[in-house]
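Undergrad: pasting the structure only:
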């Protein structure tokens, strides 16, 4: 007998980095299921605009996932306006790419702060609210890069190794201008969002999108290192990040570089050097 799906109707869901990309698509998918959604984003006007566009009572709030006080204020406001938190989707993340040796220390620290510490902090704050109620779900968004080191994105791979979950490059601004591996399906944000909804309804612990990626990952682990690296080169998987188009990614890279609220925007746009 098929397992009965969990109802998401009326569930209070907070999504970090929800203003665009996977976060926005996830908010839209959950709203369709009747969830009450709060969108948190470092870009507060974007969060508010996205919530207004999605409608159905969604709210948009400012959120810096690296700041405990601000993250707490975000969750407090979510619960004040929507009710007790049922689901936290730790989606916020940045991915500046380029040669590891050329990466400046501030960029590396910012990736670690957002991609790792932001997830850890959000998980702790959500659990503190969920455990006394004996209910709740936490969804952590990761990447295939968290399973294997990716040339051109070493620090990003390291951060996602700490939050292994959903794989493959997704067609969002974060994934813009990247190289393409042979036979690799470029995911749409809606596909990841649907997988998140499905996981919440079925209580699935680990989700792979697409499902075929799990077989690829398992094969890569089982094969001798020389063969797995050879396979990656043959499929051009090692060029997905290292072969990024700096011109296409320039807007995203500059916005990611300014994701630290305490930093004043540079007087002149930074120059993005293409990977060598």
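TA: Ah, there it is. Please read all numbers here as calculations on a predicted model, not as lab measurements.

Undergrad: shaky segments in the chain?
TA: 1-3, 143-187, 205-276 (pLDDT under 70).

Undergrad: try 90 this time
TA: Filtered on pLDDT under 90, the chain yields the residue ranges 1-6, 93-117, 120, 138-276.

Undergrad: for it, which segments count as helices?
TA: For the chain, the helices defined by DSSP state H occupy 21-32, 44-54, 68-82, 105-112, 118-130, 154-161, 189-202, 212-222, 225-234, 246-257.

Undergrad: report the spatially nearest residue to residue 135, omitting neighbours in sequence.
TA: Counting by C-beta to C-beta, 6 or more residues apart in numbering, residue 135 lies nearest to residue 86, which is 7.1 Å off, once chain neighbours are set aside. Yep, even glycine has a C-beta here, placed from its N, CA and C like the rest.

Undergrad: touching, that neighbour and residue 138? I think so.
TA: No. Residue 86 is beyond contact range of residue 138, at 10.4 Å (criterion: C-beta atoms under 8 Å).

Undergrad: OK, contacts around the nearest residue to residue 92 once chain neighbours are set aside?
TA: Take residue 92 and drop its neighbours on the chain: the residue closest to it by C-beta to C-beta, 6+ apart is residue 17, 3.1 Å away. Shown in contact with residue 17 (C-beta atoms under 8 Å, 6 or more residues apart in numbering): 23, 40-42, 65, 91-93.

Undergrad: could those be laid out in JSON lines, adding neighbour count and distance to residue 32?
TA: JSON lines is the format used below for the contacts of residue 17 (neighbours: other C-beta atoms under 10 Å; distance: C-beta to C-beta, whole Å):
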{"residue": "23", "neighbour count": "27", "distance to residue 32": "15"}
{"residue": "40", "neighbour count": "31", "distance to residue 32": "20"}
{"residue": "41", "neighbour count": "29", "distance to residue 32": "21"}
{"residue": "42", "neighbour count": "23", "distance to residue 32": "26"}
{"residue": "65", "neighbour count": "27", "distance to residue 32": "26"}
{"residue": "91", "neighbour count": "28", "distance to residue 32": "18"}
{"residue": "92", "neighbour count": "25", "distance to residue 32": "22"}
{"residue": "93", "neighbour count": "26", "distance to residue 32": "24"}
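
Undergrad: which of the residues you listed fall in strands?
TA: Counted as lying in strands by DSSP state E, out of the contacts of residue 17, are 40-41.

Undergrad: I'd like the distance between the nearest residue to residue 74 once chain neighbours are set aside and residue 108.
TA: Closest residue in space to residue 74, ignoring its immediate chain neighbours: residue 63 at 4.5 Å, by C-beta to C-beta, 6+ apart. Using C-beta to C-beta, to the nearest Å, residue 63 is found at 22 Å from residue 108.

Undergrad: so those two - more neighbours on which side?
TA: residue 63 (31 against 17; other C-beta atoms under 10 Å).

Undergrad: I'd guessed that one sits against residue 75; true?
TA: No. Assessed by C-beta under 8 Å, residue 63 is found out of contact with residue 75, at 9.2 Å.

Undergrad: against residue 113, how distant is residue 106?
TA: 10 Å.

Undergrad: who's more crowded, these two?
TA: residue 113 (19 against 11).
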